[in-house]
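Undergrad: no sequence for this one, just the structure:
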């Protein structure tokens, strides 16, 4: 039985490596020019800054186990120091309190180090980049995937390790039931409408001021800020989640001006002395977000695999990815859980 895995993010990579360990026949295709999906790390000198997911937590045994298996190092998010708050008038107050990310963990080297190691476990002949699946067809003989380049890939079964809204853009023949397609479109892609900003500095000047780097703002454009510095040494960094809607983030030059001004308001004039200011807007990435994902999400959705998305293509079509996980949906732990779930039911 040959399995085609569509999507080379954490879930697809973990599933491919598991199939390799079982000696199964498989191929992994990824639409991007890199593996990792929403996991993306930017490197500046010796610093590493995650522009997608950054944290994992105790109790998430799968991600911890994977990190230990590859002999990678983890460290706790820096939270020592006072909190900073900005009201809707731009007035800043320094106060005591606990950072909301206290107890969270980060990976030395950035999370892309983990996905790169996973990708390295998969033989070159079993993985492909820049391969956009445009059509999936179920025939008597099996499944046929048509790539954007016109090439066909034949398999007995297909796993869509993609956000369901992205998977719904594929042309299915025969078409998936309307109730199935509607269910896919209702599953919001976690963090797809988000943008992150990372400001890189020579020194952690905010720590020298007794600040943790954690800030909350009701003025924006960032609504939440944290220390994003490496475990040891510099360069150091602050990162923030951008809260203004995607329609107001189109002009990146203007956005960066407002981001810089906000860093200065919150942390003082030294915040203007940036080595680099990175902005990653996932809402405009076609392999991450759809138009529906540009609507804001105000709470963590309830994820899982709807019954109407099972047993499609006569049982030859499966779904993986963080958004269909029955536990830790939306998180990296959920992506790994979804890969486990699919592995247990593949033919």
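TA: Received the coordinates, thanks. Just so it is clear, the model here is predicted, and its values are computed rather than measured.
Undergrad: could you show me where the strands are in the stretch 151-300 of the chain, in order?
TA: With DSSP state E, counting those that start in this stretch, the ranges of strands along the stretch 151-300 of the chain come out as 152-155, 157-160, 171-173, 195-201, 211-217, 222-227, 236-242, 276-281.
Undergrad: so which of those strands is the most packed in?
TA: Most buried of the strands of the stretch 151-300 of the chain, by mean neighbour count (mean count of other CB atoms under 10 Å): strand 157-160, with a mean of 26. (C-beta placed from N, C-alpha, C; glycine too.)
Undergrad: tell me what it is packed against?
TA: Counting contacts by 3 or more CB pairs under 8 Å, 6 or more residues apart in numbering; DSSP states H and E, strand 157-160 packs against strand 2-6, strand 143-147, strand 317-319.
Undergrad: what about the residue lying closest to residue 294 once chain neighbours are set aside, distance to residue 166?
TA: Leaving aside its sequence neighbours, residue 294 sits nearest to residue 246 (CB to CB, 6 or more residues apart in numbering; 4.7 Å). Between residue 246 and residue 166 the computed distance is 16 Å (CB to CB, to the nearest Å).
Undergrad: Also residue 109?
TA: To residue 166, residue 109 is 28 Å away according to CB to CB.
Undergrad: The two: who's more crowded?
TA: Neighbour tally, residue 109 and residue 166, criterion other CB atoms under 10 Å: the higher count belongs to residue 166, 23 against 17.
Undergrad: residues in contact with that one?
TA: For residue 166, the contact set (CB atoms under 8 Å, 6 or more residues apart in numbering) comprises 189, 287-288, 290.
Undergrad: Closest one of the residues you listed to residue 174?
TA: Nearest to residue 174 among the contacts of residue 166 is residue 290, at 22.7 Å by CB to CB.
Undergrad: Based on its surroundings, how many neighbours for the closest residue in space to residue 333 that isn't next to it in sequence?
TA: Computed as CB to CB, 6+ apart, the closest residue to residue 333 that is not its neighbour in sequence is residue 60, at 3.9 Å. Residues lying near residue 60 (other CB under 10 Å) number 19.
Undergrad: surely residue 60 meets residue 328?
TA: Yes. Applying CB atoms under 8 Å as the test, residue 60 and residue 328 come out as touching, 6.5 Å apart.
Undergrad: which residues do those two both contact?
TA: With CB under 8 Å, 6+ apart, residue 60 and residue 328 have no common neighbours.
Undergrad: related to what we said a few turns ago, export the contacts of residue 166 as CSV, with columns for neighbour count and pLDDT.
TA: Shown next, in CSV, are the contacts of residue 166 (neighbours: other CB atoms under 10 Å; pLDDT from 0 to 100):
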residue, neighbour count, pLDDT
189, 25, 95
287, 17, 95
288, 24, 96
290, 19, 95
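Undergrad: Can you classify the spatially most central residue of the chain as helix, strand or coil?
TA: With distances taken as CA atoms, centre = their mean, residue 38 lies nearest the centre of the chain, 3.0 Å away. Put simply, residue 38 is coil when judged by DSSP: H, G, I helix; E, B strand; the rest coil.
Undergrad: mind listing what it touches?
TA: Residue 38 is in contact with 9, 52-53, 191, 282, 288, counting by CB under 8 Å, 6+ apart.
Undergrad: Quick check: phi and psi at it.
TA: phi -80, psi 0 (degrees, to the nearest 10).
Undergrad: ok, now residue 161?
TA: Main-chain dihedrals, residue 161, degrees, to the nearest 10: phi -90, psi 60.
Undergrad: wait, it sits on residue 3?
TA: No. Under the criterion of CB under 8 Å, residue 161 is not in contact with residue 3, lying 10.9 Å apart.
Undergrad: My guess is residue 237 contacts residue 45. True?
TA: No. Contact criterion CB under 8 Å: residue 237 and residue 45 do not qualify, at 11.2 Å.
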